[in-house]
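Student: need a structure here:
(2 chains)
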Amino acid sequence: KAGVTQTPRYLIKTRGQQVTLSCSPISGHRSVSWYQQTPGQGLQFLFEYFSETQRNKGNFPGRFSGRQFSNSRSEMNVSTLELGDSALYLCASSLAPAGGYNEQFFGPGTRLTVL
Amino acid sequence: SQQGEEDPQALSIQEGENATMNCSYKTSINNLQWYRQNSGRGLVHLILIRSNEREKHSGRLRVTLDTSKKSSSLLITASRAADTASYFCATNGGGGADGLTFGKGTHLIIQP
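Tutor: Now for the predicted structure:
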């Protein structure tokens, strides 16, 4: 079974631009969660989608948004990029909604650099 | 926000030795999970321990959980060079309220 895939793997943008990252979960998984990882703040939860609905959202500004499609693939969008948005963005999928005893499987991440 | 704090932040040991990492957290949890990350890549799930469990084993890994002290430990026995990585604990408060809350991690270096 193929793992979680994320595209693109690397991205360079300039301040003020917007970016869309994509995540394809493991086949059959309906929950997709997004995390931001930076050296200063570590791993922080962005949001979780299950069956096309956002279930939870972390403490991030409204510039960060996401969606999930009927095939469970998910995208996250960051508008008006700031230097501090430079980070590794990780997506994780699980069979059932996160929060139970479900193992989350992580993708390799998208490394976003904002110049 | 960070819930967990791993200790130590970095650990360097010789191959074959055991490595122990600790994690403390602040709020009540549903379960606690340990992940490994190699060089800024994706996270690999190692083990999940439920709040009503005290100890769990998986291969060379042993995890303990003390909910009264709000702490967990990860023991890797007979370490190998391939175990060099960052290790994170992550807590799940149940209900999926805020996703997984990760600690800042322990960077483990296994010297050959």
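
Student: where does the chain have low pLDDT?
Tutor: As the question left the chain open, I've gone with chain A. Applying pLDDT under 70 to chain A picks out residues A:1, A:98-100.

Student: I was after chain B.
Tutor: In chain B (pLDDT under 70), the answer is B:1-4, B:40, B:94-98.

Student: Let me see the ranges of the strands in it.
Tutor: B:5-7, B:10-14, B:19-24, B:31-37, B:43-50, B:55-58, B:61-66, B:71-76, B:85-92, B:101-102, B:106-111 (DSSP state E).

Student: so A:G84 sits in a helix?
Tutor: Yes. A:G84 forms part of a helix when assessed by DSSP: H, G, I helix; E, B strand; the rest coil.

Student: Can you tell me how far it is from chain B?
Tutor: According to Cβ to the nearest Cβ, to the nearest Å, A:G84 stands 16 Å off from chain B. Where you see a C-beta, it was placed from the backbone N, CA and C, and this is true even at glycine.

Student: Then A:W34?
Tutor: Separation of A:W34 from chain B (Cβ to the nearest Cβ): 9 Å.

Student: host element of that residue?
Tutor: Assigned by DSSP states H and E, A:W34 belongs to strand A:31-38.

Student: Just the buried positions in that strand, please.
Tutor: By neighbour count on 16 or more other Cβ atoms under 10 Å in any protein chain shown, the buried set for strand A:31-38 is A:31-37.

Student: Serialize the strands of chain B to TSV and add fields for mean neighbour count.
Tutor: TSV is the format used below for the strands of chain B (neighbours: other Cβ atoms under 10 Å in any protein chain shown):
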stretch	mean neighbour count
strand B:5-7	19
strand B:10-14	13
strand B:19-24	20
strand B:31-37	23
strand B:43-50	18
strand B:55-58	12
strand B:61-66	18
strand B:71-76	20
strand B:85-92	24
strand B:101-102	24
strand B:106-111	18
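
Student: Including distance to A:A2, could those go into TSV?
Tutor: TSV is the format used below for the strands of chain B (distance: least, Cβ to Cβ, whole Å):
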stretch	distance to A:A2
strand B:5-7	31
strand B:10-14	34
strand B:19-24	31
strand B:31-37	20
strand B:43-50	16
strand B:55-58	24
strand B:61-66	25
strand B:71-76	28
strand B:85-92	23
strand B:101-102	25
strand B:106-111	29
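
Student: would you list those strands in JSON lines and tack on distance to chain A?
Tutor: Formatted as JSON lines, the strands of chain B follow (distance: least, Cβ to the nearest Cβ, whole Å):
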{"stretch": "strand B:5-7", "distance to chain A": "10"}
{"stretch": "strand B:10-14", "distance to chain A": "14"}
{"stretch": "strand B:19-24", "distance to chain A": "13"}
{"stretch": "strand B:31-37", "distance to chain A": "6"}
{"stretch": "strand B:43-50", "distance to chain A": "4"}
{"stretch": "strand B:55-58", "distance to chain A": "12"}
{"stretch": "strand B:61-66", "distance to chain A": "14"}
{"stretch": "strand B:71-76", "distance to chain A": "16"}
{"stretch": "strand B:85-92", "distance to chain A": "6"}
{"stretch": "strand B:101-102", "distance to chain A": "4"}
{"stretch": "strand B:106-111", "distance to chain A": "12"}
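
Student: and of those strands, who's closest to A:S65?
Tutor: With Cβ to Cβ as the measure, strand B:101-102 is the member of those nearest A:S65 (21.5 Å).

Student: quick one on the thing from earlier: and the strand holding A:W34, what does it pack onto?
Tutor: Strand A:31-38 is packed against strand A:42-50, strand A:74-78, strand A:87-94, with contacts defined by 3 or more Cβ pairs under 8 Å, 6 or more residues apart in numbering or on different chains; DSSP states H and E.
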